[in-house]
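Asks: Fold the following for me, if possible:
(chains A and B)
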2 protein chains.
Amino acid sequence: MSERIYNLSAGPAVLPEEVIRKTQEAIWNLNGSGIGVMEHSHRDKPFMAVIEKAEALCRELAGIPADHHVMFVQGGASTQFFMVPMNLLGPDATADYLMTGAWSQKAVAEAKRFGKVHVVASSEDENFSYIPSPDTFKWSAKPVYAHFTSNNTIFGTQWSTDPVPPDGVPLICDASSDIFSRPIDVEKYGLIYAGAQKNLGPSGVTLVIMRKDLVERASSSLPTMLQYRTHAKEKSLYNTPPTFAIYVLAEVLDWIKQNGGLAAMEERNRAKAGVIYDYLDRSSLFRATARAGSRSNMNITFRARTPELDDKFIAESKKRGFSGLKGHRSVGGMRASVYNAFPRAGCEALATFMAEFEKANG
Amino acid sequence: MSERIYNLSAGPAVLPEEVIRKTQEAIWNLNGSGIGVMEHSHRDKPFMAVIEKAEALCRELAGIPADHHVMFVQGGASTQFFMVPMNLLGPDATADYLMTGAWSQKAVAEAKRFGKVHVVASSEDENFSYIPSPDTFKWSAKPVYAHFTSNNTIFGTQWSTDPVPPDGVPLICDASSDIFSRPIDVEKYGLIYAGAQKNLGPSGVTLVIMRKDLVERASSSLPTMLQYRTHAKEKSLYNTPPTFAIYVLAEVLDWIKQNGGLAAMEERNRAKAGVIYDYLDRSSLFRATARAGSRSNMNITFRARTPELDDKFIAESKKRGFSGLKGHRSVGGMRASVYNAFPRAGCEALATFMAEFEKANG
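Replies: Numbers count the residues shown, from 1 in each chain, chains lettered A, B, ... in the order given. Here you go, the predicted model:
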């Protein structure tokens, strides 16, 4: 097998090598069934064991209470952006959104198709480089839910403490880019959704954790596939689910469990990101673009002194075996995405390379 | 590697072993990129080459003309059931549906949420065991489109000649269970959709082939992800597509090409199904349930003399290394799904086993 390089892609992103090795076997023959995991009917026992394992591990790792459903659906967060208001927001009702980046903006744009949107707080004034402080929040009078994006992949910011909506208002979180990277108190949420392709598996499956009473709020005149109740009632098997993606997700969850669970992930992720942030804070060539206190442990955004040096750094990084370091065009510079499966050794190697680059170009 | 068995599942279904072997390498390291195919950003060159290959092979194999888009979306045929009328059918307009099974019925149920539905013909009177004859068709006065299901997975029937709608009415086909199993004259269609999990790859990706003028008919007030124009304009990259599923689909298309293309598939599939149908027509214990002339070359539905013998046959088939032969509950008996990737040797082995069973139980 040829050598693998350090993959700092923002998503789809690096997966645990143990999971890939196991998947290589499973696509030929799943657990001795004589049939590969892509080829099993979603109704037969070997696949039923896979999807049950995926749900059980979600529940175990995140401590998901019995009054929340766990669903595996398709379409990514972009589909959740409209499914949430389609199911929960009526034309005369208001939903409150916390605006912390491009994905929050897209969620707001879709919500406006279904009802009124109130922006509680926004960090757009400084190109989303920070998480707004709770003392600036202005909630609407009677929101049907409050929505936020827990980690902002593009801008490299992350909520260190969840926003607290007014009493009785369900909190809804797009956790696509930091799901299961740290403990999560599911009891506090009405709905959590996450595309799998950063911390959970390949693209093509979305994890939805939803309080049971909210599932029932939607109109039954919506298309069957767009009602959360369909997927809740049928245990994600109303139609053929993305079976392979669910298999890999289950194996990634197993890997998280074998590696100590969510608390261990948080500690590991903080230390990994710390290696880079510590170097950035000491550097006179590079600087982090997200404000201290708002920094993400998943996506580390930074810049060199000039755009020319950014370009040179990115070009040289590729030769040194680092892939995916170019930042999003709306921020510029660099972005190192260091999700759960990215190894600490990769963070150390990157910091070492940055120091060498600084020495040569300082 | 352990031994694989004959997989007659209706879907997800058997894939070419060459494709699985190649996929085992690709998930570790895609074409020497140092990154596995599940882990590549959908915006980077190695994956762009994958999705471009998938589209190019679709166009080449099926002769798709330039005035049709090729899109790779999520959600399966169940999502297309509502996206088609959501995009094309207004509340005062009528769409014509040909009713040939459970999937046609589901498509109709979703269409009724958006406008009027007229049933052109139905074979429900005989439990969908045949394809209605064109001389029984009753089209509505001015349908905005005509929809049919080219192969009926559950009932084992297949259109041998496509229905011909009135002049100027776009023909829409759910081809999920026989796509690319035979040549297809795309020019005749307004829209063809197919979940991948029978003839094209793993579940989690849906192929949509759509005439360009139809793409523009939808209201732009629909959720962004539910407008075909979004996926057409962004070349299936508006959001993160199911990258792995698209990779496997491209490799399956390559396998079809290496094996002679769609005409060769049709010849091969007819011969494969013929092995089973010929035996069924000679048997005094078993009989095919679909009417001659309506029989599917993908899903062969049959029964033994009694339900008890059906059960006995299914139980014994498992011991002999045949998986997935139990028929759908709405038909009973047995179903052998012999999609493109199912080998002729498997059809011969099944016919041999049936003959042995008949000898022992006749």
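Asks: How are the strands of chain A distributed by residue range?
Replies: Counting by DSSP state E, the segments of chain A that form strands are A:6-7, A:68-73, A:94-99, A:116-122, A:146-149, A:151-152, A:157-158, A:171-174, A:189-195, A:206-211, A:287-288, A:299-303, A:322-323, A:334-337.
Asks: Let's have these in TSV, adding mean pLDDT and distance to chain B.
Replies: Bear in mind the C-beta positions are built from the backbone N, C-alpha and C, glycine included. Below are those laid out as TSV (pLDDT from 0 to 100; distance: least, Cβ to the nearest Cβ, whole Å):
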stretch	mean pLDDT	distance to chain B
strand A:6-7	98	5
strand A:68-73	98	9
strand A:94-99	98	15
strand A:116-122	98	14
strand A:146-149	98	15
strand A:151-152	98	16
strand A:157-158	98	20
strand A:171-174	98	13
strand A:189-195	98	7
strand A:206-211	98	9
strand A:287-288	98	22
strand A:299-303	98	13
strand A:322-323	97	6
strand A:334-337	98	10
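Asks: Which one of the ones you listed lies nearest to residue A:37?
Replies: strand A:68-73 (14.6 Å; Cβ to Cβ).
Asks: thinking again about what came up before, could you dump the strands of chain A to CSV with distance to residue B:221 and mean neighbour count?
Replies: As requested, these are arranged in CSV below (distance: least, Cβ to Cβ, whole Å; neighbours: other Cβ atoms under 10 Å in any protein chain shown):
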stretch, distance to residue B:221, mean neighbour count
strand A:6-7, 39, 24
strand A:68-73, 23, 23
strand A:94-99, 18, 23
strand A:116-122, 15, 18
strand A:146-149, 21, 27
strand A:151-152, 28, 28
strand A:157-158, 32, 26
strand A:171-174, 23, 25
strand A:189-195, 23, 25
strand A:206-211, 24, 24
strand A:287-288, 41, 16
strand A:299-303, 33, 25
strand A:322-323, 40, 22
strand A:334-337, 34, 25
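Asks: Read off the pLDDT value for the nearest residue to residue A:49 once chain neighbours are set aside.
Replies: Setting aside the residues directly before and after it, residue A:49 is nearest to residue A:31 in space (Cβ to Cβ, 6 or more residues apart in numbering or on different chains), at 7.9 Å. As summarised for this prediction, residue A:31 has a pLDDT of 95.
Asks: Please apply the same query to residue A:330.
Replies: According to the predicted model, the pLDDT of residue A:330 comes to 89.
Asks: I figured it hits residue A:102, correct?
Replies: Yes: under the criterion of Cβ atoms under 8 Å, residue A:330 lies in contact with residue A:102, with a separation of 6.6 Å.
Asks: Now do the shared contacts for the two.
Replies: Taking Cβ atoms under 8 Å, 6 or more residues apart in numbering or on different chains as the contact criterion, the common neighbours of residue A:330 and residue A:102 are residue A:154.
Asks: Pull the number of nearby residues for residue A:259.
Replies: Residues lying near residue A:259 (other Cβ atoms under 10 Å in any protein chain shown) number 14.
Asks: all helices of the stretch 51-200 of chain A, in order?
Replies: A:76-88, A:102-111 (DSSP state H, counting those that start in this stretch).
Asks: Determine which stretch of those is the most buried.
Replies: Among the helices of the stretch 51-200 of chain A, judged by mean count of other Cβ atoms under 10 Å in any protein chain shown, the one packed with the most neighbours on average is helix A:76-88 (a mean of 24).
Asks: Give me the packing partners of that one, helices and strands only.
Replies: Of the remaining helices and strands, those touching helix A:76-88 by 3 or more Cβ pairs under 8 Å, 6 or more residues apart in numbering or on different chains; DSSP states H and E are helix A:102-111, strand A:171-174, strand A:189-195, strand A:206-211.
Asks: So for that helix, mean pLDDT?
Replies: Averaging pLDDT residue by residue across helix A:76-88 gives 98.
Asks: Could you measure from residue A:87 over to residue A:219?
Replies: Distance of residue A:87 to residue A:219, given as Cβ to Cβ, to the nearest Å: 8 Å.
Asks: meant to ask about residue A:35, not that
Replies: Residue A:35 sits 40 Å away from residue A:219 when distances are taken as Cβ to Cβ.
Asks: The two: which has the busier surroundings?
Replies: Shown here are residue A:35 and residue A:219; by other Cβ under 10 Å, residue A:35 has more neighbours (26 against 9).
Asks: which ones are touching the residue lying closest to residue A:340 once chain neighbours are set aside?
Replies: Closest residue in space to residue A:340, ignoring its immediate chain neighbours: residue A:199 at 4.9 Å, by Cβ to Cβ, 6+ apart. Taking Cβ under 8 Å, 6+ apart as the contact definition, residue A:199 lies against A:13, A:177, A:178, A:179, A:180, A:181, A:252, A:298, A:339, A:340, A:341.
Asks: Any buried residues in stretch A:27-37, and which?
Replies: Using 16 or more other Cβ atoms under 10 Å in any protein chain shown as the test for burial, stretch A:27-37 gives A:27, A:28, A:29, A:30, A:33, A:34, A:35, A:36, A:37.
Asks: residues in contact with that stretch?
Replies: Counting by Cβ under 8 Å, 6+ apart, A:23, A:26, A:38, A:40, A:46-47, A:49-50, A:243-244, A:247, B:1-5, B:7, B:9, B:14-15, B:20-21, B:23-24, B:27, B:321, B:323 sit against stretch A:27-37.
Asks: buried subset of those?
Replies: Among the contacts of stretch A:27-37, those buried by neighbour count (16+ other Cβ under 10 Å) are A:23, A:26, A:38, A:40, A:46-47, A:50, A:243-244, A:247, B:4-5, B:7, B:9, B:14-15, B:20, B:23-24, B:27, B:323.
Asks: Show me these that map onto helices.
Replies: Secondary structure assignment (DSSP state H) places A:23, A:26, A:46, A:47, A:50, A:243, A:244, A:247, B:20, B:23, B:24 from the buried ones among the contacts of stretch A:27-37 within helices.
Asks: Nearest to residue A:335, out of those: which one, please.
Replies: Distance to residue A:335 across those (Cβ to Cβ) is lowest for residue A:23, with 27.0 Å.
Asks: my read: the closest one touches residue A:252, true?
Replies: No: taking Cβ under 8 Å as the definition, residue A:23 is not a contact partner of residue A:252, at 10.0 Å.
Asks: Point out the other helices and strands that the lengthiest helix in chain A packs with.
Replies: Secondary structure assigned by DSSP H gives helix A:261-282 as the longest helix of chain A. Here helix A:261-282 is seen to pack against helix A:45-62, strand A:287-288, strand A:299-303, helix A:344-361 when contacts are counted using 3+ Cβ pairs under 8 Å, 6+ apart.
Asks: and that helix, which residues are buried?
Replies: Of all the residues in helix A:261-282, those buried under the rule 16+ other Cβ under 10 Å are A:261-262, A:265-266, A:268-269, A:272-273, A:275-277, A:279-280.
Asks: separation between residue A:231 and residue A:205?
Replies: The value you get for residue A:231 to residue A:205, if Cβ to Cβ is used, is 12 Å.
Asks: ignore the last one, residue A:315
Replies: From residue A:315 across to residue A:205, the span is 35 Å (Cβ to Cβ).
Asks: Which one of these two is surrounded by more residues?
Replies: Between residue A:315 and residue A:205, counting by other Cβ under 10 Å, residue A:205 is the more crowded of the two (30 against 11).
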